[in-house]
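S.K.: My questions concern the predicted model and sequence given below.
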Amino acid sequence: MASFLRSFFAAFFTLGFSFALTAQNLEPARDFVGVAPLGLPTRLRILDTSASAMQSRLDIIRSAQRDLIASYFIIDRDITSMVGLAMMREVAREKGIRTRIIADSFFHRLPRPLMKHLADEGVEIREHHPWDWRHPIWMFQRMHDKLLVADNRDGVLGGRNIQRTYFDLETSDEIKNFVDRDVRVTGDFLTPLGVYFNKLWESDHVRFPKIARISWARAKKAERDLDEALKKAKSFRWFDRSPTYLGPQDDHSGKIEILTNEIEGNNRKIGNVRNALAQLAKSAKQSIVIESPYLVPTADLFQIAHDAIERGVKIKIITSSTQSNDGVLPAGGYLHFREALAGLGIELYEYQGPGALHAKSAVIDGKIAIIGSYNLDPRSAFWNSELAVVSYDQKVANDLISSMEGHIQRSKLVAHDGELIGPLDDFKGLSFWKASQIRCARVAAMLSPTFRNQL
């Protein structure tokens, strides 16, 4: 019931949208050092594993020299976030680094006393689009960015939120770990991303959290909680490795673009990412391969796909099966559109597990690679702020195709040559409750355009 309610509010009110590392000791704050080499070349590495994704985040925090920024849709209150926040506190406290976090106000789970303690220690936090009766539309406009960047030159961008399920740490049989993807990037091309963050930071879209009345005693308890998280990290041996950097094998030979929904004053250009990705798809001459966990196509997407296929472009899409989809509403919306997608001639795959698919990526003509936070659904197209990295490097595209092919090996081909391949048992193995929710969402998507536009 709780899962359905979260998904329900995501559809109508947007209220429904580790460290699996080698182990190590966490040393005292004085050892939070590691100076990034000067003159970093442009480099990029795809982070497919939970261990590499978390290790890169730890490295970036520890090696920051002047400035550290983070922006996330979900920041949970679990071991992943608590250790990361404690490390950010250490670099702010001991090294004097300006450290800032923007969190979506509806989806972060940081207690007010914890935010108070962090603010007192130099970790500045802003909440994106808190409820404000003067801006009711903000309820629908969420911040879906995922970024961690040090000094405008070393960062991790992509699909992972800060929660144990995104780093393969969930042990419950009832909750799936996510299969996700990030990129580690270095180079001066990250400077515009820092400009974007600063504009958002200074805009009215973010607010200082209401922590003025939090007592000293409650903030002190939050400090002890962070200290305890660090002790756990030490006992788990998560920090044995010194900070690492991308090497010559990661040199990037082509252009890299960072796509954001830019801020001008207090106006957000919400169509930037959508339009840029659409232009890349329209430029395809041979092939488009897409991986998106939530596939609820818009009218524009149908048109782009139709036109591409008409000019001989082969389209392949990997998405979630009902069994591996963590959201009942997008699952229902996808089932409503699946036959129409097949009718276009798209080669369609449904990921079968293990875990829940969460990677959002694409490859155009086998040479342009895209990795980010953007889903093929109306929320990413028209409502949320999103982020994507576009790489014009053949090697990166090849690596991404290989990663996606690995997911195809764990998927079922459900549509080919314009036809669905049957029979399809979409509800096998699902609980009666989840199957009923998906069926209801499918009917609602069929009957209500308003409902579809919130999926």
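M.R.: Cool, the structure landed. What you see is a predicted model, and the numbers here were worked out from it, not measured in a lab. Residues are numbered from 1 along each chain as shown.
S.K.: only C-alpha atoms for contact and neighbour calcs from this point on.
M.R.: Will do.
S.K.: quick one: Ile290 is in a helix?
M.R.: No: assigned with DSSP: H, G, I helix; E, B strand; the rest coil, Ile290 falls outside any helix and is strand.
S.K.: show me the contacts for Ala359.
M.R.: Going by CA atoms under 8 Å, 6 or more residues apart in numbering, Ala359 touches 159, 179-181, 291-293.
S.K.: This protein: helices as residue ranges?
M.R.: Along the chain, the stretches classed as helices by DSSP state H are 2-13, 50-63, 79-95, 112-120, 191-202, 216-236, 272-282, 299-310, 328-344, 378, 394-408, 432-447, 449-452.
S.K.: now for these, which one comes closest to Gly422?
M.R.: For the helices of the chain, proximity to Gly422 was assessed by CA to CA; helix 328-344 is nearest, at 11.5 Å.
S.K.: correct me, but His306 touches Ala342?
M.R.: No: between His306 and Ala342 there is no contact under CA atoms under 8 Å: 11.1 Å.
S.K.: which residues touch Ala212?
M.R.: By CA under 8 Å, 6+ apart, the neighbours of Ala212 are Lys116.
S.K.: residues near the closest residue to Asn272 other than its chain neighbours, how many?
M.R.: Excluding the flanking residues, the one nearest Asn272 by CA to CA, 6 or more residues apart in numbering is Asn261, at 5.2 Å. By other CA atoms under 10 Å, the residues close to Asn261 number 21.
S.K.: Distance of Asn261 relative to Tyr374?
M.R.: 11 Å (CA to CA, to the nearest Å).
S.K.: do the same with Gly254
M.R.: Counting by CA to CA, the gap from Gly254 to Tyr374 is 22 Å.
S.K.: Between these two, point out the one with more neighbours.
M.R.: Neighbours were counted for Gly254 and for Tyr374 using other CA under 10 Å; Tyr374 has more, 27 against 13.
S.K.: Does the more buried one touch Phe382 like I think?
M.R.: No: using CA under 8 Å, Tyr374 is not in contact with Phe382, being 11.1 Å away.
S.K.: Just want the most central residue of the chain.
M.R.: Gly159 (2.5 Å; CA atoms, centre = their mean).
S.K.: Report the helix or strand with the lowest average pLDDT across this protein.
M.R.: helix 2-13 (a mean of 41; mean pLDDT, DSSP states H and E).
S.K.: and the closest residue to Phe208 other than its chain neighbours, what is it in contact with?
M.R.: Spatial nearest neighbour of Phe208, excluding adjacent residues (CA to CA, 6+ apart): Arg126 at 5.0 Å. Contact analysis of Arg126 by CA under 8 Å, 6+ apart lists 100-103, 201, 206-209.
S.K.: Narrow those residues to just the buried residues.
M.R.: 100-103, 201, 206-207, 209 (16 or more other CA atoms under 10 Å).
S.K.: quick one: which of those is nearest Leu455?
M.R.: Ala103 (21.3 Å).
S.K.: quick one, what contacts the closest one?
M.R.: 71-75, 125-128, 143.
S.K.: With Ala281 instead?
M.R.: Applying CA under 8 Å, 6+ apart, the residues contacting Ala281 are 288, 304, 308, 364.
S.K.: Could you take these and lay them out as CSV, with extra columns for neighbour count, pLDDT and distance to Leu44?
M.R.: Output for those, formatted as CSV (neighbours: other CA atoms under 10 Å; pLDDT from 0 to 100; distance: CA to CA, whole Å):
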residue, neighbour count, pLDDT, distance to Leu44
Ile288, 24, 98, 21
Ile304, 16, 96, 29
Ala308, 21, 97, 29
Ile364, 23, 98, 18
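S.K.: Closest one of these to Val185?
M.R.: When the contacts of Ala281 are compared against Val185 (criterion: CA to CA), the nearest one is Ile364, at 20.2 Å.
S.K.: Leaving out sequence neighbours, find the closest residue to the closest one.
M.R.: Ile288 (4.8 Å).
S.K.: can you check Val396 too?
M.R.: Per CA to CA, 6+ apart, closest to Val396 is Ala369, 6.7 Å.
S.K.: and what of Met404?
M.R.: Glu291 (7.3 Å).
S.K.: Could you verify my assumption that that neighbour touches Ser361?
M.R.: Yes: if you go by CA under 8 Å, Glu291 and Ser361 touch, sitting 5.1 Å apart.
S.K.: Since that was my last question, I'll sign off now.
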